[in-house]
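Chemist: Below are the sequence and a predicted model for it; my questions follow.
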Amino acid sequence: MTFPLLSLIVFLPAAGAAVLLCLRNDDAVRWTALGFTAVDFALAVAMLAAFDTTTHEMQFTERHPWVPAIGITYALGVDGISALFVFLTALLGGICVLASWVAIDRKVKEYMVALLSMQTLMLGVFSALDLFLFYVCWEAMLIPMYLMIGVWGGDGRVYAAFKFFLYTLAGSLLFLIGIIVLYFHGGRTFDILALSAQDLPFDVQSWLFFAFLIAFAVKVPMVPVHTWLPDAHVQAPTAGSIILAGVLLKMGAYGFLRFSLPMLPEASVYYSTLMLALSALAIVYGGLLALAQDDLKKLVAYSSISHMGFVTMGIFALNLRGVEGGILQMFNHGVTTGALFLFVGVIYERTHTRSIAEYGGLMKVAPVYTGFLALFTLSSMALPGTNSFVGELLVLSGGFAANMAVGTAAVLGALLSAAYLLGMYRKVALGPASVGARYQIRDVNVREMAAILPLAVFVLWVGLYPKPFLNVIDASVSHLLTEVHGKESGP
Amino acid sequence: MDPVISIRPLLAVAVAGLAALAVLFLHKRENVRDLVSPLAAVVMFAIVASMAPTVLSGGTVELRLFEVLPGIDFAFRVDALGMVFATVSSLLWILAAIYSIGYMRHLHEHAQTRFFACFATSLAAAVGGAFAANLFTLVIFYEVLSLVTYPLVYHHEDEAGWAGSRKYLVYLMGASKSVLLAALALTYHIAGSLDFVPGGLLAKANASAALLTVVYFCYLFGFAKAAVMPMHAWLPAAMVAPTPVSALLHAVAVVKMGVFCVLRVVFHVFGTGLIGGLGLGIATAYLVSFTILMASIYALTRDDLKARLAYSTVSQLSYVVLGAVLLSPVAMVGGIIHIAAHAFSKITLFFCAGSIYCASGKRNISDMAGIGRRLPWTMGAFFVASLSMIGVPPTAGFVSKWYLTLGSVQAGEIAFLVVLLASSVLNAAYFLPVSYVAFFGGERPEGLSKVREIPLVTVPLVATALLSVLMGIFPGYFVALAEGVVR
């Protein structure tokens, strides 16, 4: 039996949560949580280093019977697509702990336990090869997230947490029905790979496609089921926002890639124009909403809707550049938007306001902060040289190939992103230094730098040399497209 | 012949980048800090010049760093077109660096460290763009140039500074995040690569004429730094910057980056054959002719000297594009060498505007009556550069206009000959009155008695005026490079 590396990565945070329960001192809790997430990240790096990029087969697989009577197994494994997100989730774990260091000052232990359990469940979603296991993680995730927003959130936390829970639960129930249908149509198995190899009749595919669509669209979120997102982001603590934007939103898109495309290929092709149109709508509408915000967190939240529109557009362009660009944008969005929420948190801890109108001239008092904020703002608007530009170029190139009108709409969204992000930066960082008089602002400290720097590295690394990242997903994406389009037409 | 593989293109960029870091590092020791920029400029010019013999003999200097995406590398390739731009930028940086020290110190400007650091980074970006081997590498440097010049435009941090810099960024970023982005994505979609190819990347592309036409105009307006109307309004707005910025960046590095990108698209992305085949050459020629004439008329109406110079720049940039899209070899040579001719003359004019402002605090032409008697060197240089802008022999402007007019005849397009001549008359109409007023206007003006030349400011502007004349007499270097591009 080989070393169960993937299980270790998935369950290490949970083990950490168990250790935390035995601790009393808040600082010990923080350091222990940081230690566990750091080791977990190191393991994820090791996993990615050992990853064979030449094959689309699942790697690091583990299979143990769980409930053999109805075909449930404990099955883990990663292909290129999931490996990238295991890596991203592990990366953001430690950053979330750092972001919560002083922001969370009550019930620290309970908070960190929720955070680490969340981490295990998210890693479980990305590495599950059994539909039942996947669904358990997918649903259970709602509980720690609900608690993080509802207990440690802002003034409207209860409303936001409830709304978040209702929306995702409603989507998940349709997903559950879809899973049951799939189970009976697909030979009574929960094995995701076996189900992907099934050939379902088109009408079954269609029904399942829409059931999955609603479930995943809520998570992504796509317009018009996006309204939970701004509330959840605004009320969530910083780490909650980072997890929401960095990982949770990716799960919807991951669902499309793992379930809709391989299991329902004909329906995916048939409804791709609809999906492209919905993506274009999200890109433009999200951008317009972001343009109108005064609250920093809301602005970043609405920008997420627009950026995730690029992701779904890339995926449903159903060509190599589009899908690879979409996946790369998922990773980029995790890094960049995670960082932007971190930045909002950092400044909020000092000023206790998120209103853009109350800021100005921050560059004079916090040059390091505004310098890095510039980097992430430019990354978010996909300036050439940053990570998002590579993804956006691929997505647009794939999008134009699929549908000229949708590509054109996406370009409009890109223009909007420049407008709201540069506008935000100008108002916050430049102009007369009005903020210095009212607040004692210190620049970023060592702990904050430790959270910012890794993300900054990825902005430039992916921006200039994305090849290692594209290599990881390349074989899996090519295989996926061959499956979708059928062997005869090719990707 | 085989390309020469060398690290020199990267070194040229790195010198300016490191200079910017050194400036930041030395922010407390002003005298040492101010020595960094001229030194770096000399080193950069030497590196650029060292590659000139290879390029003049028809070769290229290349450096491939790594693959970004399939069909897209991060790579440098020094060819004749890039050499024109890089030579002009690095040579004039030496003089502008000296001028900046005189100007900034004389006016006791604030934030000088930021100023010099951004200035050096701008040069790194300009030369990086000149040496870029493909559109991907080019747009990275293009955008870096937009960003680092932004603090230079808002330098004064007053209301006008914020408003001007805002317009600056809105135009440049707006264009690149919309039409330019679309053009890049479409090009990658059509050709599967973003490389510059002699004869044109898209020349053999399998795409409809309509799509290619759309892509072409997306590039033309997407590279807003070329200031083809209606994408020109950022340039007059950028005049709120300190004058050394207006001189080197908004008369040379930034705007020439714009027309350079357009030339790259015409020569190496589409290829002159495809441009002609699609009938885009003449369409563009009419478009830029409108810009040439309209901007000159705007310039006539401006009393603020820098604003007049800015509109003149808008007009002159379109000469470069006009030369390229007339598609006759002679006109193309004229367009390319106009990059250099306009650079030497326009930087002189801006240097003079700055010198007048430093010495007397005056910006408006109507206030400059008699100032030539107090600032003979400055206004003498201004007159020489004006002649070059009008195209009077033996100045640089004469050479490029000669090629342009000859080229429009060769192309059989008499309409553009008329445009060029009319524009020269307009040039004379808005430049000569400045010299006239300065030397002959006003009777023994009071209040000018304390106005004196400032050596550190005057020497560079005399040097650039001499360069304008020298290039008029010895245009061989730039003509040879331009013929290398057209060949």
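Modeler: Sure, I can see it. Residues are numbered from 1 along each chain as shown, chains lettered A, B, ... in the order given.
Chemist: pull the longest helix from chain A.
Modeler: Secondary structure of chain A per DSSP state H: the longest helix is helix A:320-351.
Chemist: now swap in chain B and tell me
Modeler: When chain B is parsed with DSSP H, its longest helix is helix B:329-360.
Chemist: Going along the chain from that one, find the next helix or strand for me.
Modeler: Later in the chain than helix B:329-360, the nearest helix or strand by DSSP states H and E is helix B:371-374.
Chemist: That next one packs against which elements?
Modeler: helix B:329-360, helix B:376-390, helix B:414-440 (3 or more C-beta pairs under 8 Å, 6 or more residues apart in numbering or on different chains; DSSP states H and E). In short, each C-beta sits where N, CA and C put it, glycine included.
Chemist: again, only this time at 6 Å
Modeler: Contact analysis of helix B:371-374 by 3 or more C-beta pairs under 6 Å, 6 or more residues apart in numbering or on different chains; DSSP states H and E lists helix B:414-440 as its packing neighbours.
Chemist: quick check: angle from the helix it packs on to helix B:376-390?
Modeler: Here helix B:414-440 runs at an angle of 170 degrees relative to helix B:376-390 (axes from the mean of the first three to the mean of the last three C-alpha atoms, to 10 degrees).
Chemist: Report the angle between the next helix or strand after helix B:414-440 and helix B:329-360.
Modeler: Per DSSP H and E, helix B:414-440 leads on to helix B:455-473 as the next helix or strand towards the C-terminus. Counting by the same axes, to 10 degrees, helix B:455-473 lies at 160 degrees to helix B:329-360.
Chemist: just how off-centre is helix B:455-473 within its chain?
Modeler: Taking C-alpha atoms, centre = their mean, to the nearest Å, the mean C-alpha location of helix B:455-473 is offset from the chain mean by 17 Å.
Chemist: buried residues in it?
Modeler: Residues B:456-458, B:460-465, B:467-469, B:471-472 are the ones in helix B:455-473 that count as buried (16 or more other C-beta atoms under 10 Å in any protein chain shown).
Chemist: Repeat that for stretch A:68-80.
Modeler: Residues A:71, A:72, A:73, A:74, A:75, A:76, A:77, A:78, A:79, A:80 are the ones in stretch A:68-80 that count as buried (16+ other C-beta under 10 Å).
Chemist: was I right about the first one contacting residue A:187?
Modeler: Read that as residue A:71. No - using C-beta atoms under 6 Å, residue A:71 is not in contact with residue A:187, being 8.8 Å away.
Chemist: what separates the residue lying closest to residue B:381 once chain neighbours are set aside from residue B:393, distance-wise?
Modeler: Sequence neighbours aside, residue B:465 is the residue nearest to residue B:381 in space, at 3.7 Å (criterion: C-beta to C-beta, 6 or more residues apart in numbering or on different chains). As judged by C-beta to C-beta, to the nearest Å, residue B:465 and residue B:393 stand 15 Å apart.
Chemist: Could you do residue B:449 as well?
Modeler: 38 Å.
Chemist: Neighbour count for those two, which is higher?
Modeler: Set side by side, residue B:449 and residue B:393 show more neighbours around residue B:393, with 13 against 9, by other C-beta atoms under 10 Å in any protein chain shown.
Chemist: That one: which element?
Modeler: Per DSSP H and E, there is no helix or strand for residue B:393.
Chemist: Could you tell me the per-residue confidence at it?
Modeler: If you check residue B:393, the pLDDT there is 86.
Chemist: Need the pLDDT of the residue in the stretch 201-350 of chain B that chain A sits nearest to.
Modeler: Of all residues in the stretch 201-350 of chain B, residue B:211 sits closest to chain A, at 8.3 Å by C-beta to the nearest C-beta. What the model reports as pLDDT for residue B:211 is 91.
Chemist: Need phi/psi at residue B:111.
Modeler: phi 50, psi 50 (degrees, to the nearest 10).
Chemist: Run through the strands of the chain in chain order.
Modeler: You didn't say which chain, so I picked chain A. Using DSSP state E, the strands of chain A run over residues A:59-67, A:72-78.
Chemist: was after chain B, sorry
Modeler: Along chain B, counting by DSSP E, strands occupy B:4-5, B:61-69, B:72-78.
Chemist: Select, out of these, the one closest to residue A:247.
Modeler: strand B:61-69 (25.6 Å; C-beta to C-beta).
Chemist: So which elements touch that closest one?
Modeler: Packing partners of strand B:61-69 (3+ C-beta pairs under 6 Å, 6+ apart): strand B:72-78.
Chemist: Excluding residues flanking it in the chain, which one is nearest the residue of the stretch 151-300 of chain A found nearest chain B?
Modeler: Closest contact between the stretch 151-300 of chain A and chain B, by C-beta to the nearest C-beta, is at residue A:287 (11.2 Å). Excluding its sequence neighbours, the residue lying closest to residue A:287 (C-beta to C-beta, 6+ apart) is residue A:416, at 3.2 Å.
Chemist: Hmm, the one you found is touching residue A:289, no?
Modeler: No - at 9.7 Å, residue A:416 does not count as touching residue A:289 under the criterion of C-beta under 6 Å.
Chemist: Which one of those two is surrounded by more residues?
Modeler: Neighbours per residue, other C-beta under 10 Å: of residue A:416 and residue A:289, the larger number sits with residue A:416, 24 against 21.
Chemist: If I look at residue B:445, what pLDDT would I see?
Modeler: At residue B:445, pLDDT is 60.
Chemist: With residue B:458 as the reference, measure out to the residue nearest to residue B:55 when sequence neighbours are not counted.
Modeler: Closest residue to residue B:55 apart from its sequence neighbours, by C-beta to C-beta, 6+ apart: residue B:83 at 4.7 Å. Distance of residue B:83 to residue B:458, computed by C-beta to C-beta: 30 Å.
Chemist: just residue B:71 next, same as before
Modeler: According to C-beta to C-beta, residue B:71 stands 51 Å off from residue B:458.
Chemist: what about the closest residue to chain A within chain B, how many neighbours?
Modeler: Proximity of chain B to chain A (C-beta to the nearest C-beta) peaks at residue B:185, 3.5 Å away. Residue B:185 has 28 neighbours, counted by other C-beta under 10 Å.
Chemist: ok, now residue A:349?
Modeler: 14.
Chemist: Low-confidence stretches in the stretch 1-150 of chain B?
Modeler: Residues of the stretch 1-150 of chain B meeting the criterion pLDDT under 70: B:1.
Chemist: Contact residues of it facing chain A?
Modeler: B:66, B:67, B:139, B:140, B:143 (C-beta under 6 Å from any C-beta of the partner chain).
Chemist: Nearest to residue B:275 among the buried residues of stretch A:68-80?
Modeler: residue A:80 (41.8 Å).
Chemist: thinking again about what came up before, what is the longest helix of chain B packed up against?
Modeler: Short answer (3+ C-beta pairs under 6 Å, 6+ apart): helix B:329-360 packs on helix B:80-106, helix B:243-244, helix B:305-325, helix B:376-390, helix B:396-410, helix B:455-473, helix B:476-486.
Chemist: now the helices for the stretch 101-250 of chain A?
Modeler: Applying DSSP state H, counting those that start in this stretch to the stretch 101-250 of chain A gives helices spanning A:108-127, A:131-140, A:142-152, A:157-185, A:192-196, A:202-219, A:228-235, A:238-243, A:249-255.
Chemist: Run through who's touching the second one.
Modeler: Counting by C-beta atoms under 6 Å, 6 or more residues apart in numbering or on different chains, the neighbours of helix A:131-140 from elsewhere in the structure are A:72, A:121, A:124, A:125, A:128, A:172, A:179, A:190, A:192.
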